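> Pasting a predicted model and its sequence here:
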Amino acid sequence: MKVTIDGISVEVPDGTSILNAARIIGGDIVPPAMCYYSKLAGSGGKCRTCLVKVSKGSEKDPRPMPKLVASCRTNVMDGMEVQNITSPEVIEARKGVVEMLLINHPLDCPICDQAGECQLQDLGFEHGAVKTRYEFDRRTFNRIDIGDKIQLHMTRCILCYRCVYVADQITDHRIHGILNRGDHSEISTYIQAAVDNDFSGNVIDVCPVGALTDRTFRFKNRVWFTKPVEAHRDCDHEKCNGKVTLWYKGEDVLRVTARKDVYGEVEDFICNTCRFDKKKTADWVIEGPRKVSNQSVISSNHYDFVPLPVLKTNPVLKEANKEQFERETRL
Amino acid sequence: MGRKLLLEHINVPGINTFDVYRSKGGYASVEKALKTMSPDDVVEEVKKSGLRGRGGAGFPTGMKWSFLAKPEGVARYLVCNADESEPGTFKDRYLMTYIPHLLIEGMIVGSYALGAKTSFIYVRGEMMPQIRILEKAIAEAKAAGFLGKNILGSGYDLELYVQPGGGAYICGEETALLESLEGKRGNPRIKPPFPAIAGLYGCPTVVNNVESIAAVVPIVNEGGEEYAKIGVGRSTGTKLISAGGNVAKPGVYEIDLGLSVEEFLYSDEYCGGIANGKRLKAVVAGGSSVPILPANLFMKTINGEPRLMSYESLSDGGFVSGSMMGSGGFIAFDEDQCIVRNTWNFARFYYHESCGQCSPCREGTGWMEKVLHRLENGHGSMSDMDLLVDVAKKIEGNTICPLGDAAAWPVASAIRHFRDEFEWHVTHASEATTRNYGIAHYADPLPKPEPAA
């Protein structure tokens, strides 16, 4: 299957979605996704941020698709041509979707625990408008503690349904879901039951915004002041392989999360024992510092990149540079 | 006056009982189809008839039936969409209340044509009386041997069930209907796959409107070609129109497609003109989700041709100066009605009924409702109109199901055609709460210019 996205062609296997084909290419042409999660079957199609224009349906049927399509749920056809960032229509629609997502989402990032690792924050920064045009009260909910480890703040939820899929597919049984409809929809356990099973903590990781947060970490620290470190332990839970990221502040492990890839999706789901109970360095085998994209605020003050070599043309400076080089490499 | 095909015997006393319905020639199409025709023949007849879906989108029913995947060993289903909840549309309820056997007869023929062994009628939850009527009718038909095992000795088995919904507008969307029928939350599915490939319980499914299924009965009785002679162009057959609003005689009328709108609105046979001798201001031609038209554009297209009650003529002019046939919910507004208030009312409905699955519709409908509410109550500003148009544009086409479009069209069209009325609500805020803008220049016929002296 050959698909061309924004003029870049790639060969992908049958049944690949446009979004995943774009991720194979990588770079700026990857549509943003707020609800799609590659590890969760059936997710996607809801947030509409990944809308793209199909300008040529396939080799057999070259008609363009009449509407913008959700790239996460549309499979590629042979010879398909897709426009993402080259189409003004897509840019405009995406801007509209971001605005819609932010209508009922409070714009109080400075006091939100997710700030710095929030996908909606990044999305708004990259694709949104500078100012909101919405002049009405936003919907609000009270914070609910679902179990002793997780807190739910529905006010911040963008209804991506990811946590519902996690509960369906990763944990043994699901006790939370969507109640009501329209913008009154809420994630809830109906009668305040505790979400409590071995893998329930993963809903925190998949939540793109600050709606589901870790009660053991909430407001302990800003995420960009912590130091992420890759680590693993020999977990005896059969579904958990114990590969995690530890978030240090000084000597203390403040929080344990699963490892996330460049698209903010966890690589492997981890169990609650690893996440909530193992918060000592002695519990873990440290692998090394975590690579953080220099686009992310978490990388602030982490100078882990190699500075570009300085070219000297002035003969005096060239000589001085050689001296400095020798001095530094003598030891 | 056209011949009635669906409502021919509607005034016969006791037509809702099996015996009377049978004595008036009912269930003849079942006998004809099961004894003399193969399932493919029935599909072919429906194709020939040119019948277009009566639920709103106007997709040819015969095409829909022929797209149904027929893999071996997998059940197929026919589902009747009786979740009629569009504001302004009440034709299906009328049909199910007064002549339920017509629907059941259509279901039997349709199921036979598609090879479905189990069929469902998904009825909106608020229609409890109709559900009881249908269940009674099914019991009667079963007792007479038209349902159940080995119908009329043809070897064809069919079970027909009535399923009450929860009363949500969104469950009228076919994939949300299937989700709801499966017992889940009524969220529309993401297409593809379409129901014709994977529908109810993952099996190939056809979802049809009540009226489309009922229309199969005269098609089979008289032949598709005969049916196609009624109507104009690609709009064939008869259509039930539920006329409401400020007309003198509101009700359900069966019209031949291609009737002129003037005749429909003003003749005594149909609506009988505008009530209380007032003048027409605007018309919503096909249920609340289609674009609203001012009277002058409704009576004549932009090219000056008289408009007809047909799929093509009503949509003449596209979204700029046309509307849509929709589901046939005809609402007329007289000169005393406020378009802003009406637009707000529609927006409020869509806000209430949005399922909340995809973000443009979930947030955008609420936003439009709030802005329109503000405008109607005299707190609006001039920039609100452009804001509404922009929000509508950003919802339209970007959602999972057509509810987003349905919410955006009435708002966008009302502002396009009645912008001065919206502006008047801003400039005369206190006056707007006590009186209406009036007919302005929307009237039909257009006021003649004063002859130059």
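Ah, there it is.
> who's in contact with residue 123?
No chain specified, so I'll use chain A. By C-beta atoms under 8 Å, 6 or more residues apart in numbering or on different chains, the contact list for A:Leu123 reads A:32, A:34, A:49, A:98, A:101. C-beta here means a position set from N, CA and C on the backbone, and glycine is covered the same way.
> Chain B, not that one
B:82-83, B:96, B:130-131, B:134, B:162-165.
> re earlier: contacts with chain B among the contacts of A:Leu123, please.
A:Leu101 (C-beta under 8 Å from any C-beta of the partner chain).
> can you count the residues close to A:Lys280?
Neighbour count of A:Lys280, defined by other C-beta atoms under 10 Å in any protein chain shown: 10.
> For it, which non-adjacent residue is closest in space?
Nearest non-adjacent residue to A:Lys280, counting by C-beta to C-beta, 6 or more residues apart in numbering or on different chains: A:Val253, 6.7 Å away.
> Now flag whichever of the contacts of A:Leu123 is closest to chain B.
Top of the list for closeness to chain B, among those and by C-beta to the nearest C-beta, is A:Leu101 at 5.1 Å.
> Relative to chain B, how far out is the residue nearest to A:Lys280?
36 Å (C-beta to the nearest C-beta, to the nearest Å).
> which is the next helix or strand following whichever strand or helix holds B:His352?
According to DSSP states H and E, B:His352 maps onto helix B:339-353. Per DSSP H and E, the first helix or strand lying C-terminal to helix B:339-353 is helix B:359-376.
> What parts of chain B come near chain A?
Listed as neighbours of chain A in chain B under the rule C-beta under 8 Å from any C-beta: B:168, B:170, B:185, B:190, B:351-360, B:362-367, B:370, B:387, B:393-395, B:397-400.
> Try it again at 6 Å.
B:190, B:354-360, B:362-364, B:366-367, B:370, B:394, B:397-398 (C-beta under 6 Å from any C-beta of the partner chain).
> Secondary structure of the residue nearest to A:Lys280: a strand, I assume?
Yes. If the criterion is DSSP: H, G, I helix; E, B strand; the rest coil, then A:Val253 is within a strand.
> So what sits opposite it in the bridge?
Judged by DSSP bridges, the bridge partners of A:Val253 are A:Tyr248.
> buried residues in the least confident helix or strand in chain B by mean pLDDT?
Among the helices and strands of chain B, helix B:318-321 carries the lowest confidence by mean pLDDT, DSSP states H and E, at a mean of 84. Residues B:Ser321 are the ones in helix B:318-321 that count as buried (16 or more other C-beta atoms under 10 Å in any protein chain shown).
> Which strands or helices does the helix or strand just after it pack on?
Downstream of helix B:318-321, the next assigned helix or strand under DSSP H and E is strand B:329-334. Where contact means 3 or more C-beta pairs under 6 Å, 6 or more residues apart in numbering or on different chains; DSSP states H and E, strand B:329-334 is packed against strand B:238-245, strand B:280-284.
> which helices and strands does the following helix or strand past the shortest one pack with?
Past strand B:280-284, further along toward the C-terminus, the next helix or strand under DSSP H and E is strand B:292-294. The elements that strand B:292-294 packs onto, with contact taken as 3+ C-beta pairs under 6 Å, 6+ apart, are strand B:280-284, helix B:403-427.
> okay, and for chain A, where does confidence drop off?
A:301-312, A:330-331 (pLDDT under 70).
> Identify whichever of the helices and strands packed on strand B:292-294 lies nearest to B:Ile197.
helix B:403-427 (22.3 Å; C-beta to C-beta).
> what's that closest one packed up against?
Helices and strands touching helix B:403-427, as assessed by 3+ C-beta pairs under 6 Å, 6+ apart, comprise strand B:292-294, helix B:339-353, helix B:359-376, helix B:383-395.
> all strands in chain A, in order from the N-terminus.
A:2-5, A:8-11, A:51-56, A:69-70, A:80-83, A:144-146, A:150-152, A:177-179, A:186-188, A:212-214, A:227-232, A:243-249, A:252-258, A:285-289 (DSSP state E).
> Out of these, which is closest to B:Asn221?
So among the strands of chain A, strand A:69-70 is nearest, using C-beta to C-beta, at 42.3 Å.
> burial measure for the nearest residue to A:Ser299 once chain neighbours are set aside, as a count.
Of all residues not flanking A:Ser299 in the chain, A:Val292 sits nearest, at 4.2 Å (C-beta to C-beta, 6+ apart). A:Val292 is flanked by 18 other residues according to other C-beta under 10 Å.
> again, but for the one 4 residues further on
Using other C-beta under 10 Å, the number of residues around A:Ser296 comes to 14.
> residues in contact with it?
By C-beta atoms under 6 Å, 6 or more residues apart in numbering or on different chains, no residues touch A:Ser296.
> What's the mean pLDDT across stretch B:219-231?
Averaging pLDDT along stretch B:219-231 yields 92.
> Then stretch B:366-385?
Regarding stretch B:366-385, the rounded mean pLDDT is 94.
> Could you check that stretch and say which residues are buried?
Buried, per 16+ other C-beta under 10 Å, within stretch B:366-385: B:366-376, B:380, B:384-385.
> close enough to count as contact, A:Asn84 and A:Thr4?
No. Between A:Asn84 and A:Thr4 there is no contact under C-beta atoms under 6 Å: 11.1 Å.
> So which of these two has more stuff around it?
A:Asn84 (22 against 18).
> how about the more buried one, what does it touch?
A:6, A:29, A:31, A:52, A:90.
> quick one, phi psi at the residue of the stretch 51-200 of chain B found nearest chain A?
Among all residues of the stretch 51-200 of chain B, B:Ile190 sits closest to chain A, at 3.9 Å; criterion: C-beta to the nearest C-beta. Here is the backbone geometry of B:Ile190 (degrees, to the nearest 10): phi -90, psi 130.
> Can you give me the separation between B:Glu31 and B:Glu254?
Distance, B:Glu31 to B:Glu254, using C-beta to C-beta, to the nearest Å: 24 Å.
> The two: who's more crowded?
Taking other C-beta under 10 Å, B:Glu31 and B:Glu254 do not tie; B:Glu254 has more neighbours (20 against 15).
> Surely the more buried one forms part of a helix?
No. B:Glu254 sits outside any helix when classified using three-state DSSP, being strand.
> Can you pull up the most central residue in the chain?
You didn't pick a chain, so chain A it is. Centroid check for chain A by C-alpha atoms, centre = their mean gives A:Gly264 as the closest residue, at 2.6 Å.
> You answered for a different chain; I wanted chain B.
B:Ser327 (1.7 Å).
> and that residue, what does it touch?
Contacts for B:Ser327 (C-beta under 6 Å, 6+ apart) come out as B:55-56, B:86, B:89, B:287.
> Are any of the residues you listed buried, and if so which?
Applying 16+ other C-beta under 10 Å to the contacts of B:Ser327 flags B:55-56, B:86, B:89, B:287 as buried.
> Just put the residues you listed in TSV and tack on distance to A:Ile270 and pLDDT.
Shown next, in TSV, are the buried ones among the contacts of B:Ser327 (distance: C-beta to C-beta, whole Å; pLDDT from 0 to 100):
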residue	distance to A:Ile270	pLDDT
B:Gly55	48	86
B:Gly56	48	84
B:Glu86	49	91
B:Thr89	52	93
B:Gly287	51	90
